[in-house]
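Asker: sequence first, then the predicted structure, then my questions.
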Amino acid sequence: MLGRWEPFTQMEAEFNRLRDEMDRLFRRFGGNGNLWRRTPVEFPAVDIWEDDNDLYLEAELPGMELDDLEIYVTQGNQLTIKGKRTPPEVEGTWHRRERGFGEFTRVITLPVDVDADKVEATLKHGVLTVRLPKVAEARVRKIPVKAD
């Protein structure tokens, strides 16, 4: 009995096997298995937004203590978050260790200049919240329109 010749079915199976092996390899070395979407991860992760008068920043800093954290505003629009995360002391053997530890520095260019003397920052439950008042020149000003 003659079988149907399907060369592409076998080739597709081999490509799928190769892709699975490559995904496994990259996951083993810290990747997520998707090479095309992988981007470097900045630490700490931040969200930044603004209203008419202030910029706001939230940064995830799990396990950080106030003594291990420094925040600077330089050049009017550069926010620096600097710190050191120490690994927890554990008894036993690590099986997975995905959270980074050690010294870090993150410099963020803000979209407008801020008043460094009025910046406020709080650390609560591992989330750093920073309120950065805009300089007067950067604030939104409503311009009245006159009619003739």
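Answerer: In hand now; what should we look at? Residues are numbered from 1 along each chain as shown.
Asker: and the residue lying closest to Gly100 once chain neighbours are set aside, what pLDDT?
Answerer: Residue nearest to Gly100 in three dimensions, not counting chain neighbours: Phe43, with 6.1 Å by Cβ to Cβ, 6 or more residues apart in numbering. Just so you know, the C-beta spots here come from the backbone N, C-alpha and C atoms, and that holds for glycine as well. With respect to pLDDT, Phe43 scores 83.
Asker: list phi and psi for the residue nearest the centre of the chain.
Answerer: Centroid check for the chain by Cα atoms, centre = their mean gives Ala45 as the closest residue, at 2.6 Å. Main-chain dihedrals, Ala45, degrees, to the nearest 10: phi -70, psi 140.
Asker: and the closest residue to it other than its chain neighbours, how far is that from Ala13?
Answerer: Excluding its sequence neighbours, the residue lying closest to Ala45 (Cβ to Cβ, 6+ apart) is Glu60, at 4.9 Å. From Glu60 across to Ala13, the span is 42 Å (Cβ to Cβ, to the nearest Å).
Asker: who has more neighbours, those two?
Answerer: The neighbour comparison of Glu60 against Ala13 (other Cβ atoms under 10 Å) goes to Glu60, with 13 against 10.
Asker: what bridges to the more buried one?
Answerer: Val127 (DSSP bridges).
Asker: which residues sit in contact with it?
Answerer: Pro44, Ala45, Val46, Gly126, Val127, Leu128 (Cβ atoms under 8 Å, 6 or more residues apart in numbering).
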